[in-house]
Every structure is written in C-alpha cells, then in structure tokens.
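Asks: show me how the following folds:
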Amino acid sequence: MSEHRYDIRPRRESDLPQLEALADAVRLTDVYPADDPDFFLSPLVLSAWVALDSGGDVVGHAALHSASAAEMMAMAAQAAGRPVHELAAVSRMLVRKDARRQGVGRRLLATAVDDAHARGLWPVLDTGAMFDAAIAMYESFGFTRVGPVSFPYRHGDEILMTDSVVYIGPPPAL
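Replies: Numbering: from 1, shown residues only. Okay, here's the model as predicted:
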C-alpha cells in the first residue's frame, strides 16, 4: 500500500471551486454539508484550512468560527464554565471519502484546536449524531461529549431539523 502525503495550509479564495466540488462529492455519501451557497464564506470565520494531496487537489477542509448555532454555543459554554465569547467553533470539517482514515481529519482538527488555543479560546463543536467515525475521532482527540442538541438548518429552500452531539475540546492553557 503506498503512503499518501497530505499538506495542510490556510484556505485561499482560489480554493473555493475545488471546495464546492468537494462539498458536492461528500454530500452524496454523508448528506453533509448543507446545500448552502455560503457554506465556506460565513462571516463568522476566524481561520480556515485545506488539506491537499500530493497533486495539489483539495481533499479536506476545516474552519474555526467565532460562533455557531446558539443552542450549541449555550450548551458548550455551560459545560466549559466559560462565556460564549471565550469559545471558538470548529466548523465545516469535511474530508474526501478516498482520503479518510489517513490522518487528514485529525490533522485539520489539530490545526483548528491549536489556532483556537493561540487565540485564548476554548474549541467546541457539534456533529451529526449519525457520524460515528467523526465522533470516534473527536473523542480520541480529547473532546468531551456534553450532550445532544437539535436545531434547524437550511438545506436549499427547506428548513430541516438536525440531531447533533455537542463537544468541548481540550481547554486552552491558562
């Protein structure tokens, strides 16, 4: 089996066409991400990164946001014992199917957590309750499950409810 090499770097505007194609491909198998034209362009983005394969193709993405759904942020703030403005949401994580289980998601997660800590923020996240592999990765990384939450999200012209699990990550050093 050949060894794959993936690089992580800050996201660039020029990555957006590849990211849209990645989102379309992942959506076919995972029903995630939401079909939202602003999925990667949220005004809440603090930082964002892409994972690239050896040919320079985008195979993964993660972002750090200043906030997420109010229900998730409130639950995470209570569990962390911190106000919401001291949290940062790891968001928009996705990895191309053929690049999974090769450390891409874990490296993107580590990058987001390190960035949150560098900002003095506590990383938090939510994920769909059905994403067992993602949940296993978050828990093995040291994220702590704080509870389930359901909240609405837009999928095209529809408003759907999603059942998610909220996590708080490793706290920043004091």
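Asks: mind listing residues that contact the helix or strand containing Gln18?
Replies: Using DSSP states H and E, Gln18 falls within helix 16-30. If you take C-beta atoms under 8 Å, 6 or more residues apart in numbering as the criterion, helix 16-30 is touched by 11, 32-33, 35, 39-41, 50, 57-61, 94-97, 131. Heads up, the C-betas are built off the backbone N, CA and C, glycines and all.
Asks: narrow the residues you listed to just the buried residues.
Replies: Buried members of these, counted by 16 or more other C-beta atoms under 10 Å: 11, 32-33, 39-40, 50, 58-61, 94-96, 131.
Asks: these in strands, which ones?
Replies: 50, 58-61, 94-95 (DSSP state E).
Asks: can you redo those as CSV with distance to Ala76?
Replies: Below are these laid out as CSV (distance: C-beta to C-beta, whole Å):
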residue, distance to Ala76
Val50, 25
Val58, 28
Val59, 28
Gly60, 23
His61, 22
Leu94, 21
Val95, 23
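Asks: what helix or strand is the closest residue to Val124 other than its chain neighbours on?
Replies: What sits nearest to Val124 in space, not counting adjacent residues and going by C-beta to C-beta, 6 or more residues apart in numbering, is Ala76, at 3.9 Å. Assigned by DSSP H and E, Ala76 belongs to helix 70-80.
Asks: mean confidence for that helix?
Replies: Here helix 70-80 scores 93 as its mean pLDDT.
Asks: just give me how far it sits from the chain centre.
Replies: 16 Å (C-alpha atoms, centre = their mean, to the nearest Å).
Asks: Pro172 contacts Asp114, correct?
Replies: No - taking C-beta atoms under 8 Å as the definition, Pro172 is not a contact partner of Asp114, at 10.2 Å.
Asks: more neighbours, those two?
Replies: Neighbour count, other C-beta atoms under 10 Å: between Pro172 and Asp114, Pro172 has more, with 17 against 12.
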